[in-house]
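>>> Just the structure for this:
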Amino acid sequence: MRGDLENLYDAHAHRLYAHCWSLLGDQGAPEALKDTLNEAVRHPPPGDTVLWLHHLARTVCAERGAFSGHSRPVFAGADADPLLTAARNLPADHREALLLSAGEWLAIRDIAGVLRVSADAVRERLHEARTALERVVLDALMRRTTDPTEHMDVIEAFEKGRLPNLLARRAPGFAPAPLRGHVLGEDDERDEIGHTPSVPVPPAVPPD
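So this is what the prediction gives:
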């Protein structure tokens, strides 16, 4: 059991953490990842492990209120970042699809499998999410609610139509180092784990 959990964590934790982050933010993602991996150990996947784990993570986040109309994720630094501010105000399923696609974590057909919708529905959702993201960011810049000179990367991405790609780079590339010990029940070894380097996860198949 312990070995299975450890293997699952090392193979999938970073990308699953980013998925949970897209739905619950910095505060909710750690426990959602822990619940996802523990549930995966108790009930092993029946088919494709990666897609099943992403769907399981989505289910766990839903149980934690990710898709509630009143839920807004807390992203560190969002108050000073017009892109993160705009992202947190997107509908959760739009923000989720946008990051899964722009981060090249999953292909369109695989996102459709995780979300249990058609590929065309995913494409429509992505279009709506991009349009909303651009509108809110432009509004923030035009209203000067933020100093444009402090966010030249956002302005450049907006001009090139690449705001979703910049947003994906805002997502965490790794699960926090101490989280591994928490998930595996090794909190007493947190100091040692904190010095263990994380291994990058290569991008999934690029989206269609």
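>>> now this protein, which segments are flagged as low pLDDT?
Low-confidence segments of the chain (pLDDT under 70): 1-3, 47, 144-148, 187-208.
>>> Strands along that one, start to end?
Here the chain has no strands by DSSP state E.
>>> max-length helix in it?
Using DSSP state H, we find that the single longest helix of the chain is helix 2-42.
>>> elements contacting it?
Contact here means 3 or more Cβ pairs under 8 Å, 6 or more residues apart in numbering; DSSP states H and E; on that basis helix 2-42 packs against helix 49-63, helix 92-102, helix 177-184. The way it works is simple: take the backbone N, C-alpha and C, and place the C-beta from them, glycine included.
>>> Centre of the chain to it, how far?
Going by Cα atoms, centre = their mean, to the nearest Å, the spacing between the C-alpha centre of helix 2-42 and its chain's C-alpha centre is 11 Å.
>>> now do stretch 155-164
20 Å.
>>> let's have the chain start at 46 instead
From this message on, residue numbering opens at 46, which makes the last subject stretch 200-209.
>>> which one of the helices and strands packed on helix 47-87 has the most crowded surroundings?
Stretch with highest mean neighbour count among these: helix 137-147 (a mean of 23; mean count of other Cβ atoms under 10 Å).
>>> Kindly calculate the angle that that helix makes with helix 94-108.
150 degrees (axes from the mean of the first three to the mean of the last three Cα atoms, to 10 degrees).
>>> and the angle for helix 137-147 with helix 47-87?
Using the same axes, to 10 degrees: helix 137-147 against helix 47-87 is 140 degrees.
>>> Give me the contacts around helix 137-147.
For helix 137-147, contacts defined as Cβ atoms under 8 Å, 6 or more residues apart in numbering pick out 63-64, 67-68, 99, 103, 111-112, 116, 118, 132-133, 135, 150-151, 153, 156, 159-160, 167, 170-171, 173-175, 177-178, 209-210, 212-213, 216, 252.
>>> can you give me the end-to-end distance of stretch 132-151?
19 Å (Cα to Cα, to the nearest Å).
>>> Kindly apply the preceding question to stretch 143-160 instead.
Start-to-end, stretch 143-160 (Cα to Cα) is 12 Å.
>>> Buried residues, that stretch. List them.
Judged by neighbour count using 16 or more other Cβ atoms under 10 Å, the buried positions of stretch 143-160 are 143-148, 150-153, 155-160.
>>> Next, report how far that stretch is displaced from the centre of its chain.
Its chain's C-alpha centre and that of stretch 143-160 lie 11 Å apart, by Cα atoms, centre = their mean.
>>> can you redo the helices and strands packed on helix 47-87 as a markdown table with distance to Lys205?
Output for the helices and strands packed on helix 47-87, formatted as a markdown table (distance: least, Cβ to Cβ, whole Å):
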| stretch | distance to Lys205 |
| --- | --- |
| helix 94-108 | 28 |
| helix 137-147 | 13 |
| helix 222-229 | 34 |
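>>> Nearest to Met187 among these would be which one?
helix 137-147 (22.0 Å; Cβ to Cβ).
>>> Please state the offset of the closest one from the chain centre?
Worked out by Cα atoms, centre = their mean, helix 137-147 lies 8 Å from the chain centre.
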